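**Student:** Structure for the following, please:
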Amino acid sequence: MMMKKKSAMASAAAITMAAVLLTGCGGSSSENAENAVPVMTVAQINSAESLGADNLYTGVVEAQETWSAEKKEDYKVEEKYVSVGDEVTKGQPLFRYDVTKMEEDQAQAEIDLEKLNNEMITLESTREELDKQLKKAQESDKADLNIRIQENELAIKQKDLEIRAKEVEIRKIKREQEGATVVSGIDGVVRKMDNNGSDESSGSDSNAYVTIVKNGAMKIKGTISEQNIGSIAVGSPMVIRSRVDDQTWYGSVSEINTNSTVDSSAGGYMMYGSGDSGSSKYHFYVLPENGEGLMIGQHVYLNVDDGTGGFEDPTAEGVWIPSYYTVQKEDGSVFVWKADEKGKLRRQSIEIEEYPELGKVEVLNGLSESDAIAYPDDSMTEGQPVYYGEHEVGFAGEMEMEAAMIE
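**Tutor:** Predicted coordinates:
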């Protein structure tokens, strides 16, 4: 049976749907009555669901594994051995730095180190001289000599730190010379080299000088709103559809990243059931069972696989309502808030069969498509007036979102 306590996610979805349904609606005279409750027919609710809750999301194909290397800003590239599109193997040379500046930097660092060592010798000599003076000094002069000795000790410690830092710098420059030739860390294909190509879709650092994507293995990065995030889980079966033809692939959700939100201005648009455009959005990832025909960077549609491919409605027959319209009483029976023939609110007992994976229930008895019901609220009482709205939702908003997704 349905849980009496509705989740915050279901409440948010219901409020969103109510707002959509009542937009542009013409109300009856009861609309202005005190405590009037908005109601919609079951047919209207399901119509809104078919327009706005198909859970169809946009996604982009990425490589499961990428490897990249940034260019050292202070050094020039002497030679490039590969180009965008080339297949490479792990350890294969990709490009080589001009070591001239490295050699110059090393020479200068060694001069600086020699200077620091000479300064250290001077400080240590000064310390020895101060110790000799302290032994021969009168009591009246010892205080001043002790202060000079302490200052000298601090100077020696500081110089020692500078020497060690310079030695680390020299070792780093030598390692850079040894690694002047940059090699690939994985087997794969060159996706970006210098400023040519693009690694935007590979999920790697956009500042990378070279990006390699691993051969074969791919994943789909989708975007989902906070209202709809409860409709998927790790392991959920998904349908992947091409945006340009009838090709389809199948896979499952491998990860849902709720630790960071998506900047919608960066292109993470959704359509149909994507929720409020102002709500937070998150990335999720789908692993295709067989990625043959998919390409890195390809834009696709994603939807939960309900066994029909996501485009045949399993709720087409019978009376169905979203589960969040139902209320369970302590004895386990279920009711909805229904408008009676006098325009008043009353409890209507119903018999249902639950389908949690769809977020809906099938009403077996007690409700028809023409009955009007209200989203339940603890403040509702029988006898409250209701007002109706004529469902007038169009496709304009969806068309705008679709246009925004097309690059």
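
**Student:** CA only for contacts and neighbour counts going forward, please
**Tutor:** Will do.

**Student:** Low-confidence regions, the stretch 201-350 of the chain specifically.
**Tutor:** When residues are selected by pLDDT under 70, those of the stretch 201-350 of the chain lie in 201-206, 216, 263-279, 307-316.

**Student:** domain assignment for this structure?
**Tutor:** Here the domain parsing of the chain from automatic domain parsing is 8-54+313-401, 56-64+217-309, 66-95+183-213, 109-164.

**Student:** can you put those domains in a markdown table and add distance to Arg175 and mean neighbour count?
**Tutor:** Putting these into a markdown table (distance: least, CA to CA, whole Å; neighbours: other CA atoms under 10 Å) gives the following:
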| stretch | distance to Arg175 | mean neighbour count |
| --- | --- | --- |
| domain 8-54+313-401 | 51 | 17 |
| domain 56-64+217-309 | 31 | 19 |
| domain 66-95+183-213 | 13 | 18 |
| domain 109-164 | 14 | 14 |
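
**Student:** Throw those into JSON lines and include distance to Met102, thanks.
**Tutor:** Formatted as JSON lines, the domains of the chain follow (distance: least, CA to CA, whole Å):
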{"stretch": "domain 8-54+313-401", "distance to Met102": "52"}
{"stretch": "domain 56-64+217-309", "distance to Met102": "35"}
{"stretch": "domain 66-95+183-213", "distance to Met102": "8"}
{"stretch": "domain 109-164", "distance to Met102": "10"}
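
**Student:** For Lys174, which of those domains is the nearest?
**Tutor:** Nearest to Lys174, of all those, is domain 109-164, at 11.0 Å by CA to CA.

**Student:** Strands of the stretch 301-407 of the chain, start to end?
**Tutor:** For the stretch 301-407 of the chain, the strands defined by DSSP state E, counting those that start in this stretch occupy 319-322, 327-328, 334-339, 345-355, 360-365, 372-374, 386-388.

**Student:** which residues touch stretch 350-368?
**Tutor:** Around stretch 350-368, the neighbours that count as contacts under CA atoms under 8 Å, 6 or more residues apart in numbering are 1-2, 42, 231, 318-324, 333-336, 348-349.

**Student:** any idea how far Met40 is from the residue lying closest to Arg347 once chain neighbours are set aside?
**Tutor:** Once flanking residues are discounted, Arg347 sits nearest to Trp337: 4.9 Å by CA to CA, 6 or more residues apart in numbering. The gap separating Trp337 from Met40 is 11 Å, by CA to CA, to the nearest Å.

**Student:** re the thing from before, among the domains of the chain, which is nearest Gln177?
**Tutor:** If you check each of the domains of the chain against Gln177 by CA to CA, domain 66-95+183-213 wins as the nearest, at 10.9 Å.

**Student:** Run the chain-centre distance for that closest one.
**Tutor:** Chain-centre distance of domain 66-95+183-213: 24 Å, with CA atoms, centre = their mean, to the nearest Å.

**Student:** ends of it, how far apart?
**Tutor:** Chord length of domain 66-95+183-213, first to last residue, is 4 Å (CA to CA).

**Student:** Likewise for stretch 221-236?
**Tutor:** With CA to CA, one end of stretch 221-236 sits 14 Å from the other.

**Student:** same question, stretch 370-381
**Tutor:** OK, stretch 370-381 end separation, CA to CA: 22 Å.

**Student:** Residues touching it, excluding its own?
**Tutor:** Residues from elsewhere that reach stretch 370-381 (CA under 8 Å, 6+ apart): 14, 37-43, 324-327, 336-339, 345-346.

**Student:** Now do the residue nearest to the spatial centre of the chain against Ile232, distance only.
**Tutor:** The residue lying closest to the centre of the chain (CA atoms, centre = their mean) is His283, at 3.3 Å. Distance of His283 to Ile232, computed by CA to CA: 12 Å.

**Student:** contacting residues for the closest residue to Arg148 other than its chain neighbours?
**Tutor:** Nearest residue to Arg148 in three dimensions, chain neighbours excluded: Leu130, at 7.8 Å (CA to CA, 6+ apart). Residues in contact with Leu130 (CA under 8 Å, 6+ apart) are Leu145, Arg148, Ile149.

**Student:** what about Leu130, which SS state?
**Tutor:** helix (DSSP: H, G, I helix; E, B strand; the rest coil).

**Student:** what are the ranges of the helices in the protein?
**Tutor:** 8-22, 42-52, 100-136, 139-178, 396-405 (DSSP state H).

**Student:** and the ones you listed, which one's lowest on average pLDDT?
**Tutor:** When these are ranked by mean pLDDT, helix 396-405 comes last with a mean of 32.
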